[in-house]
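Visitor: need coordinates for the below:
(one chain, ligands or ions: 2)
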Amino acid sequence: MVRSVTIAAPSQIMTPTSLSLKDQAADERFILVLGQNGVGKSSFINTVSNSPLRIGSALASSAEKVEISLPFFIDGQCFRLVDTPGYDENSEKSETDVLNTISSFLASEYTNGKQLAGVVYIHSIASTRMGSTSRRNLTMFQKLCGRRALRNAAIITTRWDQVKGSTATARETELRTKSTLFKYLLDNGATLFRYDRTQGLIAAQTIVRHFLNTSPMPLLVQREMVDEGKLIAETTAGIELQKDFRKRMEESHKTMRQLKEEFHDLKTENDIPAAKDVRKEMINVKERFDKVREDCRKLTDIKTAPQSMRILISPTPQSAPVAIAASTSGAPVVTGRSTPTAQVLGTQSAPPSRPRSRVNSLGTIPALPPTGSQSKSRSHSRANSYGSIPALPPNAPGMITSTPLDKGKGREITPIDAQPQVTFTRPRATSLSRRPSRRESSAPPATRHRRDSGAARHREEDTRTAVRHSSSRRRSSKGDDHSWDELRTLLFVGVLLLVLVPMIQRSRSVVY
Ligand SMILES: Nc1nc2c(ncn2[C@@H]2O[C@H](COP(=O)(O)OP(=O)(O)OP(=O)(O)O)[C@@H](O)[C@H]2O)c(=O)[nH]1
Ligand SMILES: [Mg+2]
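Guide: Numbering: from 1, shown residues only. Ligands and ions are numbered 1, 2, ... in the order given. As a prediction, the model looks like this:
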């Protein structure tokens, strides 16, 4: 049965961005909305709350900070939904910033006596598979919530209008039953909802109605940051993110090692165009690595939450709250004023600043396999960088340069792309084509390395295809060498016969 619903008129309520906790009615129920970029978080929130949150495109992310919707009423109960940015390694906003933005907001809410009535994870049913970005978002959702808070969680699948019914249902079943997907959440009390936006407001309200009677409780990250005084990097979500960074850095190292080997092989063979492509890829890998390392450092460099967040270890709902808007940089901007009591408490009970070493103990970038060889005795600092990207040799024989003045420029990294157009004596492979390193071509498929997700993974797949082509090219050139050897042997035998046969005949004629 659909119960009566009252939506507050926009004229009676404030714009979402101007809201502060001071303006929130005590009985408002807050629901946090999380999910990957572009799944429809803001669209869902706008539909149910009539808010004007910015809607992004399917490709470009729109959310940069935490935004609170306009208040709206369902069955006489006032709700507000909290929109958040999603994790995406390819987005402008770093994942550290996303975690900092969300967790700082949550910590300040909890500090000020506000507990969430629920938490929502949105997933697009139109996604053909759970990619690495989706998984990362789902994992972070779990780590932010903790097991206990999952009984107040809802998973909403969107974009049912975009997929054929049977396909969508099959996907939903897989999501529900696979332990690596939603099964863990559902087993621990989360509820799964479908949201077909063609059914409009009523469908959205039915979902929010689920939170009418939930008992508000803190999320794991709130307990960790506020009750236990942990830094963001020390929270379960922070540790998970560092693990993920570390994994990606190790993958980059592996890729770089393979590329270096390949580059040297190609250089030895004077296959300059292929070496050039490999080097371009090395530069891309290095850029990705540097970004992740920077993000990792940034996370461990977040020393502490602002004092105002640590004041109210036991939240007192009566105290005048501090309005906090999580800024794009992730650090919450305190726009309100703490109560005098809170200020006193803040100065007295604020934890002593942590010794630097403690911060570093989580922040140290883990040792990675050395880049140049298999040796494990390389220094730690070396393991955290690629060293230099090897240079190409001067213009190799077998190619004609447009101008002799450019000779030797291949030794520098930058001028490589500025080299004049060259004509090659051999047919040129596709732009990403490269030869497989010895190790790569001999490794069994199962042990082959999978590189970074998203664009990087596509690149890797392209590269693998190119490697296969390149490998067959190498095989065919070996076949050519072999037939040359046979021809030479045949010629030699022929000449030998031409010389020996007349000699034998002559010697016979002498005997008779
Ligand atoms: N067809 C269809 N499109 C949808 C649905 N939900 C959202 N979209 C579209 O998906 C795009 C992204 O929607 P948003 O609501 O901005 O997604 P978001 O999760 O808030 O994205 P970020 O803020 O970037 O994280 C927009 O073009 C929406 O119109 C849906 O259920 N069906
Ligand atoms: Mg959005």
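Visitor: where does this protein get nearest to ligand 2, residue-wise?
Guide: Ser42 (3.2 Å; CB to the ion). The way it works is simple: take the backbone N, C-alpha and C, and place the C-beta from them, glycine included.
Visitor: ok, now which ones touch Thr157?
Guide: For Thr157, the contacting residues are Ile122, His123, Ser124, Ile125, Ala168, Glu172, Leu175, Leu192, Phe193, Arg194, Tyr195, by CB atoms under 8 Å, 6 or more residues apart in numbering.
Visitor: one more time with 7 Å
Guide: Contacts here follow CB atoms under 7 Å, 6 or more residues apart in numbering; on that basis Thr157 touches His123, Ile125, Glu172, Arg194, Tyr195.
Visitor: same deal with Ser215?
Guide: Residues near Ser215 by CB under 7 Å, 6+ apart: none.
Visitor: what pLDDT does it get?
Guide: pLDDT for Ser215: 94.
Visitor: now do the SS call for it.
Guide: Under DSSP: H, G, I helix; E, B strand; the rest coil, Ser215 falls in the coil class.
Visitor: repeat that for Met503.
Guide: Met503 ends up helix, using three-state DSSP.
Visitor: sorry, back to before: just give the nearest non-adjacent residue to the residue of the chain closest to ligand 2, would you?
Guide: Sequence neighbours aside, Leu53 is the residue nearest to Ser42 in space, at 4.3 Å (criterion: CB to CB, 6 or more residues apart in numbering).
Visitor: show the contacting residues for that neighbour.
Guide: Leu53 sits next to Pro16, Ser42, Ile45, Asn46, Glu67, Ser69, Asp83 when contact means CB under 7 Å, 6+ apart.
Visitor: from Thr268, how far out is it?
Guide: Look at Leu53 and Thr268: by CB to CB, to the nearest Å, they are 57 Å apart.
Visitor: and if you look at Pro502?
Guide: In this view, Pro502 and Thr268 are 47 Å apart by CB to CB.
Visitor: point out where the protein drops to low pLDDT.
Guide: The model of the chain has pLDDT under 70 over residues 1-26, 57-63, 304-483, 509-512.
Visitor: domains for it, by residue range?
Guide: Following automatic domain parsing, one gets these domains for the chain: 5-227, 238-383, 399-479.
Visitor: can you tell me which of the contacts of Thr157 are in strands?
Guide: Among the contacts of Thr157, DSSP state E puts His123, Arg194 in strands.
Visitor: and the nearest residue to Ile45 once chain neighbours are set aside, bridged to which residues?
Guide: Spatial nearest neighbour of Ile45, excluding adjacent residues (CB to CB, 6+ apart): Leu81 at 4.5 Å. Note on Leu81: beta-bridge partners Ile31, judged by DSSP bridges.
Visitor: can you count the residues close to Leu81?
Guide: If you count neighbours by other CB atoms under 10 Å, Leu81 ends up with 30.
Visitor: right, and it touches Glu28 too?
Guide: No: the criterion here is CB atoms under 7 Å, and Leu81 misses it with Glu28 at 10.8 Å.
Visitor: for Ser43, give its distance to ligand 1.
Guide: Ser43 sits 3 Å away from ligand 1, going by CB to the nearest ligand atom, to the nearest Å.
Visitor: which bits of the stretch 151-300 of the chain sit near ligand 1?
Guide: For the stretch 151-300 of the chain, the contact set with ligand 1 under CB under 6 Å from any ligand atom comprises Thr158, Arg159, Asp161, Gln162, Arg197.
Visitor: for those residues, which PyMOL command selects only the ones that are buried?
Guide: In PyMOL, a selection of the buried entries from these looks like this (16 or more other CB atoms under 10 Å):
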select buried, resi 158+159+197
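Visitor: of the residues of the stretch 151-300 of the chain next to ligand 1, closest to Glu486?
Guide: Set against Glu486, the nearest of those by CB to CB is Gln162 (60.9 Å).
Visitor: the closest one: what's it in contact with?
Guide: By CB under 7 Å, 6+ apart, the residues touching Gln162 are Ala126.
Visitor: do the same with Thr214
Guide: Applying CB under 7 Å, 6+ apart to Thr214 gives the contacts Ala117, Gly118, Asn152.
Visitor: same check, this time on Pro218
Guide: Tyr110, Gln115 are the contacts of Pro218 under CB under 7 Å, 6+ apart.
Visitor: am I right that it sits in a strand?
Guide: No: Pro218: not assigned to a strand; according to three-state DSSP it is coil.
Visitor: for it, give me phi and psi.
Guide: The phi and psi values for Pro218, taken as degrees, to the nearest 10, are phi -70, psi 150.
Visitor: which parts of the stretch 351-500 of the chain sit against ligand 1?
Guide: Contacts of the stretch 351-500 of the chain with ligand 1, taken as CB under 6 Å from any ligand atom, are absent.
Visitor: where along this protein do the strands fall?
Guide: Counting by DSSP E, the strands of the chain are 5-6, 29-35, 67-68, 72-74, 77-83, 116-124, 153-158, 191-194, 324-326, 332-334, 399-401, 422-424.
Visitor: how about the second one against ligand 2, any contact?
Guide: Okay, so that is strand 29-35. No: judged by CB under 5 Å from the ion, strand 29-35 and ligand 2 are separated, with a smallest distance of 8.9 Å.
Visitor: repeat that for the fifth one.
Guide: No: Strand 77-83 is not in contact with ligand 2 by CB under 5 Å from the ion; minimum separation 5.7 Å.
Visitor: now do that strand: which elements does it pack against?
Guide: Judged by 3 or more CB pairs under 7 Å, 6 or more residues apart in numbering; DSSP states H and E, strand 77-83 is in contact with strand 29-35, helix 41-49, strand 67-68.
Visitor: Ser507: which of the ones you listed is closest?
Guide: Nearest of these (CB to CB): strand 29-35, 95.5 Å.
Visitor: and the angle from the closest one to strand 77-83?
Guide: Here strand 29-35 points in a direction 30 degrees away from that of strand 77-83 (axes from the mean of the first three to the mean of the last three CA atoms, to 10 degrees).
Visitor: since that was my last question, I'll sign off now.
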